[in-house]
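Visitor: What follows is a predicted structure for the sequence shown.
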Amino acid sequence: MGSTRVLVGTRKGAFRLISDERRTEWTVDGPHFPGWEIYHVKGSPVNPDRLYASQTSAWFGQVIQRSDDGGASWGTVGNDFSYEGEVGEHQWYDGSLRPWAFTRVWHLEPSRHDAETVYAGVEDAALFRSTDGGRQWNELSSLRQHGTGPQWQPGAGGMCLHTILEHPTDTDRLYVAISAAGAFRTSDGARSWQAINKGLRSGEIPDQDSEVGHCVHRIDMHPDHPDVLYMQKHWDVMRSDDAGDSWQEVSGNLPSDFGFPIVVHAHEPNTVYVVPITSDSHHFPPDGRLRVYRSRAGGDEWEELTTGLPQQHCYVNVLRDAMAVDTHESCGIYFGTTGGQVYASKDSGDTWSPIVRDLPAVLSVEVQTLP
Amino acid sequence: MSNSVRVILPAHLRALARVQGEVRVDVEGEVTQRAVLDALEAEFPMLLGTIRDRTTARRRPFVRFYACENDLSHEEPEAPLPERVARGEEPFLVVGAMAGG
């Protein structure tokens, strides 16, 4: 029987939630790095014992931790995220230009092709790569030097690169997303990048269908259909069928199309999950009811999933990296809330139960399906 | 000539460096803030970037430096630290700035 390891990053440490394939009884292990903000913890698809954690603090800056035993023990690796070449400037909130300055790592993406390769998405927005297990980081600077770079600007959470998707077979292709710049694609191993935002419309910017400036919250894809991308934008749930060349809105009957995470079912490429949030000024679920919405049609037609989730007086948020799926035969869906709950469904979202209820605010959830 | 300088780290950095209590670092030459921090980071490389910015080498905004009941945070990094710190009679304190709410 396989096992399940959920990796949770919170405002005050990291936790491991461990179960077998039944996912009924859970062991809670943590906090690791207590008191530190853990923006993201993720395991290598090539070597599941190899984990990376982004440990950060307003006081003490950025630390990267690595584990080679599945998170039982950890050690620091490199934390030098120096921008390459001329630093350049981007838009600031007041319309002035401000030099790029590193703040933190939002997202770590271990390569699905090589256990020693890992990508880091950082604030101020840039993409870094390590090919030696995190000891040394090099910026893939052609992204930040994209001609539109000076027009990028921070969203309320900072100007962060938060989504990194590797193509399952084409090692030269990557997708990334930045708040608030939009989505970008490379097809030549990060030597050059294209903005892939055609079809996005954002009422928060003066030119609603501008090439850049869109506050993309997260993108996901199924490895069997790597040209089909799903996006939760600030407002609007979007779908692309041509690797991001164009996007169509698929918000359909959602009670709100504002939200942060979006994930695709492990075995059903057309099944997608979102967590609607009331609005950008009301970061809680509509009507105080925590609902996951599932579309089995690749968007547009959504069904609410509520069994086991609080349906009154619930005013938590679910952040962009705080939802994940496992690959067990009966696909498990997991998400964490800013109220410290981590919910799990072992039946593709039909029913839910909390694994833990009182963690610090959850920033990220990843899951490993282990043999 | 080297000086054995006592350094007290905040709890989070003690945990990161896997030390308990104060640490001692050997400082060659004049005992300045920069020399102490260089020696500290050489002894505990996991502290690189946690006290000073990796790129600019400036003190991180919410980190303070105290010694002999004085706030030395705004002193020049090359300025000599107090004699009592250089002689190991008083510690050099790295402090996380107060925050609450």
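Guide: Alright, I've got the coordinates. Residues are numbered from 1 along each chain as shown, chains lettered A, B, ... in the order given.
Visitor: Could you report the pLDDT at the residue in the stretch 201-350 of chain A that chain B sits nearest to?
Guide: Nearest to chain B in the stretch 201-350 of chain A, going by CB to the nearest CB, is A:Thr338, at a distance of 16.2 Å. Where you see a C-beta, it was placed from the backbone N, CA and C, and this is true even at glycine. Here, the pLDDT recorded for A:Thr338 equals 98.
Visitor: That one: how many residues sit nearby?
Guide: Look at A:Thr338: counted by other CB atoms under 10 Å in any protein chain shown, it has 19 neighbours.
Visitor: How about stretch A:355-367 and chain B, any contact?
Guide: No: with CB under 8 Å from any CB of the partner chain as the measure, stretch A:355-367 is seen stopping short of chain B, the closest distance being 14.1 Å.
Visitor: Flag every buried residue along that stretch.
Guide: For stretch A:355-367, a neighbour-count test (16 or more other CB atoms under 10 Å in any protein chain shown) marks A:355-356, A:359-367 as buried.
Visitor: Filter those down to the ones in strands?
Guide: A:355-356, A:362-367 (DSSP state E).
Visitor: Okay, now the unreliable bits of chain B?
Guide: Within chain B, the stretches with pLDDT under 70 are B:100-101.
Visitor: re earlier: my read is that the residue of the stretch 201-350 of chain A closest to chain B contacts A:Leu359, right?
Guide: No: with contacts counted by CB atoms under 8 Å, A:Thr338 stays clear of A:Leu359, the gap being 10.3 Å.
Visitor: Is the closest residue to A:Thr171 other than its chain neighbours within a helix or a strand, and which one?
Guide: Once flanking residues are discounted, A:Thr171 sits nearest to A:His113: 5.6 Å by CB to CB, 6 or more residues apart in numbering or on different chains. Assigned by DSSP states H and E, A:His113 belongs to no helix or strand.
Visitor: what about the strands in chain B?
Guide: B:2-8, B:23-28, B:63-67, B:70-71, B:92-96.
Visitor: Please identify which of these is closest to A:Ser330.
Guide: strand B:92-96 (46.1 Å; CB to CB).
Visitor: relative orientation of that closest one and strand B:2-8 in degrees?
Guide: 30 degrees (axes from the mean of the first three to the mean of the last three CA atoms, to 10 degrees).
Visitor: who does strand B:92-96 pair up with?
Guide: strand B:2-8 (parallel), strand B:63-67 (antiparallel) (DSSP bridges).
Visitor: Need the ones you listed in a markdown table (columns: mean neighbour count and distance to B:Leu40).
Guide: Shown next, in a markdown table, are the strands paired with strand B:92-96 (neighbours: other CB atoms under 10 Å in any protein chain shown; distance: least, CB to CB, whole Å):
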| stretch | mean neighbour count | distance to B:Leu40 |
| --- | --- | --- |
| strand B:2-8 | 18 | 6 |
| strand B:63-67 | 19 | 12 |
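Visitor: do you know which of the ones you listed lies nearest B:Pro91?
Guide: Closest among the strands paired with strand B:92-96, using CB to CB: strand B:2-8, at 4.0 Å.
Visitor: Quick one: list the elements packing against the longest helix seen in chain B.
Guide: The longest helix of chain B (DSSP state H) is helix B:33-43. Counting contacts by 3 or more CB pairs under 8 Å, 6 or more residues apart in numbering or on different chains; DSSP states H and E, helix B:33-43 packs against strand B:2-8, strand B:23-28.
Visitor: With just CA atoms, put it into CSV.
Guide: Extracted in CSV, the C-alpha atoms of helix B:33-43 (Å, rounded to 0.1, in the frame of the first residue of the first chain):
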residue,chain,number,x,y,z
GLN,B,33,31.4,45.5,13.2
ARG,B,34,32.3,44.3,9.7
ALA,B,35,35.2,42.2,10.9
VAL,B,36,33.1,40.5,13.6
LEU,B,37,30.3,39.7,11.1
ASP,B,38,32.8,38.5,8.5
ALA,B,39,34.2,36.1,11.1
LEU,B,40,30.8,35.1,12.3
GLU,B,41,29.6,34.2,8.8
ALA,B,42,32.8,32.4,8.0
GLU,B,43,32.3,30.2,11.1
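Visitor: which residues touch that helix?
Guide: By CB atoms under 8 Å, 6 or more residues apart in numbering or on different chains, the residues outside helix B:33-43 that reach it are B:5, B:7, B:23, B:25-29, B:47-48, B:51-52, B:57, B:65, B:72, B:75-79, B:81, B:92.
Visitor: how about it: buried residues?
Guide: Along helix B:33-43, these residues count as buried under the neighbour rule (16+ other CB under 10 Å): B:33-41.
Visitor: can you check stretch A:35-47 too?
Guide: Within stretch A:35-47, the residues that count as buried by 16+ other CB under 10 Å are A:36-45.
Visitor: surely B:Phe65 meets B:Arg52?
Guide: No: taking contacts as CB under 8 Å, B:Phe65 lies outside contact range of B:Arg52: 10.6 Å.
Visitor: Name the residues contacting each of the two.
Guide: B:Arg59.
Visitor: can you tell me which two in the buried residues of helix B:33-43 are farthest apart?
Guide: Maximum distance among the buried residues of helix B:33-43 (CB to CB): 12.4 Å, for B:Gln33 and B:Glu41.
Visitor: Quick one: the buried residues of stretch A:355-367 as TSV, columns for pLDDT too.
Guide: Listed next are these as TSV, based on pLDDT from 0 to 100:
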residue	pLDDT
A:Ile355	98
A:Val356	98
A:Leu359	98
A:Pro360	98
A:Ala361	98
A:Val362	98
A:Leu363	98
A:Ser364	98
A:Val365	98
A:Glu366	98
A:Val367	98
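Visitor: so how many other residues sit close to the nearest residue in space to A:Phe81 that is not next to it in sequence?
Guide: Excluding the flanking residues, the one nearest A:Phe81 by CB to CB, 6+ apart is A:Phe102, at 4.9 Å. For A:Phe102, the count of nearby residues is 23 (other CB under 10 Å).
Visitor: Likewise for the one 3 residues further on?
Guide: Look at A:Val105: counted by other CB under 10 Å, it has 26 neighbours.
Visitor: mind listing what the helix or strand harbouring it pairs with, with the direction of each?
Guide: Using DSSP H and E, A:Val105 maps to strand A:104-110. With DSSP bridges as the test, strand A:104-110 is paired with strand A:118-123 (antiparallel).
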